[in-house]
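Trainee: sequence unknown, structure follows:
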């Protein structure tokens, strides 16, 4: 039996950007797009070029290699031809493979928000799609408020969908913009659209989570015939969020209700990277992963002592709906975690590190990682620190340099005009080839001063690290009080366009920062010698 493909459309960088408290920089977007592209999603929607400087800069280049790179924007305005609409021109000029137009499909919104006639709105949809296709781009249309619009005026809502399809749109996406539609309604309305002439192979679903049913609504739409699902990583999005692709993908892949009929671009090997992707994304957002998230949460396969644990030890299937290693997660009750060991071996192999299953150093590495993560380290979001830890534990790393000590001073004083001035100064003493080097630097803050002092004089390695750039610096307090444990995550890149993340944890924010900075420099020196970073360089 040939399985039908469900296409996965990620809108983390567009709809997910509407999440309260989330504001992606261009660098954030580049990093996230690369993560999504590498994971294998069919479509990555990057934002709205022309709407803000960040998205305009992001679309100055194509940001994916295999995923279809999608720009989002409005259809042309009523009363203006497609060739004379500046907003449409910006979309056509963006370095994207496809354009997703948002179109009103509720006649109430057409009248109130657009101030035009129903017929003019249909003309705007058709002409925008034709312009995108003529420019060599794949066209998609998000029918905004489709389900509410259908309930108010079924004929017009369907006319919007049919107009988009007949004009040449590859996908017509039915949006539950307010998030209040229930699964039985979704199923019935999708079936009505298909019966009216828009095939399911051209239909998508865009569900919001305002009643906690975005995933259920997406699956109901699939059962009714749609073949594209839109969603976001970890379900981020405005108000209560969007459909969570991190939940939908393994459900489609691992549950017999779906996997006997459907397939996605995420095969078994890619699926094993799901937990890492989810947690790395949370680290980029500088927030703690949801411990009870389905499939990927730290507690998703955790069982406390008692009859459940006893049964699990006899047969994991007694209390697990899927094997945790299929999504890259771990069973938290087993003393000898074979699934965990296999997962470690796979992660290491992808980094070019071969280790035997029975190597005692592997058990040591697993033990160190678990102990460190219990104390606050998070290696899913710090790939370079994990690789350095693995290489140190399983083998050796050249000692390029050693640190004899450092000192950081922060002074608050008044200048001659009576204005407050904060001065940060750092002194670093290091040993390179047996020679002691002392460097002093002032910076905008204590961490900046420490970074400048650390990299001021690296002797024979100075030219090697000249192109090392600290792209981002995130701090998280892991518990309360002034004596709190602090985790610092540093993102670095170099002139080769390679990015890596390092982590440090300490009661002292300066010490935690220093750990992350040290790892970043060592990783750079290793990468230059082809001794690390094989994945990052791909």
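Mentor: Ah, there it is. Because the structure is a prediction, the values reported are computed rather than measured.

Trainee: correct me, but residue 357 touches residue 341?
Mentor: Yes. Counting by Cβ atoms under 8 Å, residue 357 sits close enough to residue 341 to count as a contact (6.6 Å). All C-beta atoms are positioned from the backbone trio N, CA, C, and that covers glycine.

Trainee: who has more neighbours out of the two?
Mentor: residue 341 (18 against 11; other Cβ atoms under 10 Å).

Trainee: for that one, which residues are in contact?
Mentor: Residue 341 makes contact with 357, 362, 363, 366, according to Cβ atoms under 8 Å, 6 or more residues apart in numbering.

Trainee: moving C-terminal from the helix or strand containing residue 192, which element do we reach first?
Mentor: For residue 192, the enclosing helix or strand under DSSP states H and E is helix 183-195. Downstream of helix 183-195, the next assigned helix or strand under DSSP H and E is strand 203-207.

Trainee: quick one: the helices in the stretch 251-400 of the chain?
Mentor: For the stretch 251-400 of the chain, the helices defined by DSSP state H, counting those that start in this stretch occupy 256-259, 268-271, 274-284, 307-314, 338-350, 360-375, 383-394.

Trainee: need the residues that contact the longest one.
Mentor: I take that to be helix 360-375. Here helix 360-375 makes contact (Cβ under 8 Å, 6+ apart) with 337, 340-341, 344-345, 355-356, 377, 379, 386, 389-390, 393-394, 485, 505.

Trainee: mind listing what's buried along it?
Mentor: Of the residues in helix 360-375, 362, 365, 366, 369, 372 count as buried by neighbour count, 16 or more other Cβ atoms under 10 Å.

Trainee: closest one to residue 245 out of these, please.
Mentor: residue 369 (26.7 Å; Cβ to Cβ).

Trainee: distance of the closest one from residue 504?
Mentor: Using Cβ to Cβ, to the nearest Å, residue 369 is found at 15 Å from residue 504.

Trainee: over to residue 209?
Mentor: Counting by Cβ to Cβ, the gap from residue 209 to residue 504 is 35 Å.

Trainee: Throw together a PyMOL command that grabs the buried residues out of the contacts of helix 360-375.
Mentor: Burial among those is assessed by 16+ other Cβ under 10 Å; the matching PyMOL selection reads:
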select buried, resi 337+340+341+344+345+355+377+379+386+389+390+393+394+485+505
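
Trainee: pLDDT below threshold where in the stretch 251-400 of the chain?
Mentor: 303-319, 331-340, 343 (pLDDT under 70).

Trainee: between residue 209 and residue 504, point out the one with more neighbours.
Mentor: residue 504 (26 against 22).

Trainee: then that one would be within a strand, right?
Mentor: Yes. Counting by DSSP: H, G, I helix; E, B strand; the rest coil, residue 504 is part of a strand.

Trainee: report the buried residues of the helix holding residue 192.
Mentor: Buried-residue list, helix 183-195, by 16+ other Cβ under 10 Å: 183, 185, 186, 187, 189, 190, 193, 194.

Trainee: before we move on, what about stretch 395-405?
Mentor: 400, 401.

Trainee: tell me the gap between stretch 412-424 and the middle of its chain.
Mentor: Here stretch 412-424 is found 42 Å from its chain centre; the criterion is Cα atoms, centre = their mean, to the nearest Å.

Trainee: ignore the last one, stretch 123-139
Mentor: Using Cα atoms, centre = their mean, the offset of stretch 123-139 from its chain centre is 29 Å.

Trainee: same deal with stretch 349-362?
Mentor: 28 Å.

Trainee: span of it from start to end?
Mentor: Between the opening and closing residues of stretch 349-362 there is a gap of 12 Å (Cα to Cα, to the nearest Å).

Trainee: swap in stretch 445-459?
Mentor: Start-to-end, stretch 445-459 (Cα to Cα) is 25 Å.

Trainee: pull the helix or strand with minimum mean pLDDT from the protein.
Mentor: The helix or strand of the chain with the poorest confidence is helix 307-314; it has a mean of 48 (mean pLDDT, DSSP states H and E).

Trainee: neighbouring contacts of stretch 466-484?
Mentor: 25, 27-28, 283-284, 286-288, 376, 447, 451, 455, 485-495, 499, 505, 507, 509, 513, 517, 520-521, 524.

Trainee: next one: that stretch to chain centre, how far?
Mentor: The mean C-alpha position of stretch 466-484 is separated from the chain mean by 19 Å, Cα atoms, centre = their mean.

Trainee: cool, and stretch 383-403?
Mentor: 27 Å.

Trainee: what is the nearest of the buried residues of helix 360-375 to residue 273?
Mentor: For these, the nearest to residue 273 is residue 369 (16.9 Å; Cβ to Cβ).

Trainee: the stretch 401-538 of the chain: strands as residue ranges?
Mentor: Along the stretch 401-538 of the chain, counting by DSSP state E, counting those that start in this stretch, strands occupy 402-414, 420-432, 435-443, 469-477, 486-493, 499-506.

Trainee: tell me where the stretch 101-250 of the chain has helices.
Mentor: Ranges of helices in the stretch 101-250 of the chain, per DSSP H, counting those that start in this stretch, are 107-109, 118-134, 146-152, 154-167, 183-195, 214-224, 245-254.

Trainee: angle of the second one against helix 154-167?
Mentor: Going by axes from the mean of the first three to the mean of the last three Cα atoms, to 10 degrees, helix 118-134 is angled at 20 degrees with respect to helix 154-167.

Trainee: could you tell me the least trusted of the strands of the stretch 401-538 of the chain?
Mentor: Of all those, the minimum mean pLDDT falls on strand 469-477 (a mean of 86).

Trainee: which neighbours does that strand have in its sheet, and in what orientation?
Mentor: Taking DSSP bridges as the criterion, strand 469-477 forms sheet pairs with strand 486-493 (antiparallel).

Trainee: and the gap between the closest residue in space to residue 4 that isn't next to it in sequence and residue 248?
Mentor: Nearest non-adjacent residue to residue 4, counting by Cβ to Cβ, 6 or more residues apart in numbering: residue 262, 5.5 Å away. Distance of residue 262 to residue 248, computed by Cβ to Cβ: 11 Å.

Trainee: residue 189 too?
Mentor: Where residue 248 is concerned, residue 189 sits at a distance of 20 Å (Cβ to Cβ).

Trainee: now swap in residue 268 and tell me
Mentor: Residue 268 is 16 Å from residue 248, by Cβ to Cβ.

Trainee: ok, the two, which is more surrounded?
Mentor: residue 248 (24 against 9).

Trainee: and that one, what does it touch?
Mentor: 8, 215, 218, 219, 229, 231.

Trainee: again with residue 55
Mentor: 46, 47, 48, 49.

Trainee: nearest to residue 117, of these?
Mentor: Once Cβ to Cβ is applied, the member of the contacts of residue 55 that ends up nearest residue 117 is residue 48, at 25.8 Å.

Trainee: count the neighbours of the closest one for me.
Mentor: Residue 48, neighbours per other Cβ under 10 Å, totals 24.

Trainee: surely it meets residue 87?
Mentor: No. Counting by Cβ under 8 Å, residue 48 stays clear of residue 87, with 9.6 Å between them.

Trainee: shared neighbours, the two?
Mentor: By Cβ under 8 Å, 6+ apart, the residues touching both residue 48 and residue 87 are residue 73.

Trainee: how far away is residue 415 from residue 444?
Mentor: Residue 415 is 16 Å from residue 444, by Cβ to Cβ.

Trainee: neighbours of residue 427, just the number please.
Mentor: 16.

Trainee: what's near enough to touch it?
Mentor: When contacts are counted by Cβ under 8 Å, 6+ apart, residue 427 touches 406, 407, 408, 438, 439, 440, 453.

Trainee: just the buried ones out of those residues, please.
Mentor: Buried, going by 16+ other Cβ under 10 Å: 406, 408, 439, 453, out of the contacts of residue 427.

Trainee: ok, which pair from the residues you listed is furthest apart?
Mentor: Pairwise over the buried ones among the contacts of residue 427, using Cβ to Cβ, the maximum falls at 408 and 439, 12.6 Å.

Trainee: which helix in the chain has the most residues?
Mentor: In the chain, with assignment by DSSP state H, the single longest helix is helix 509-528.
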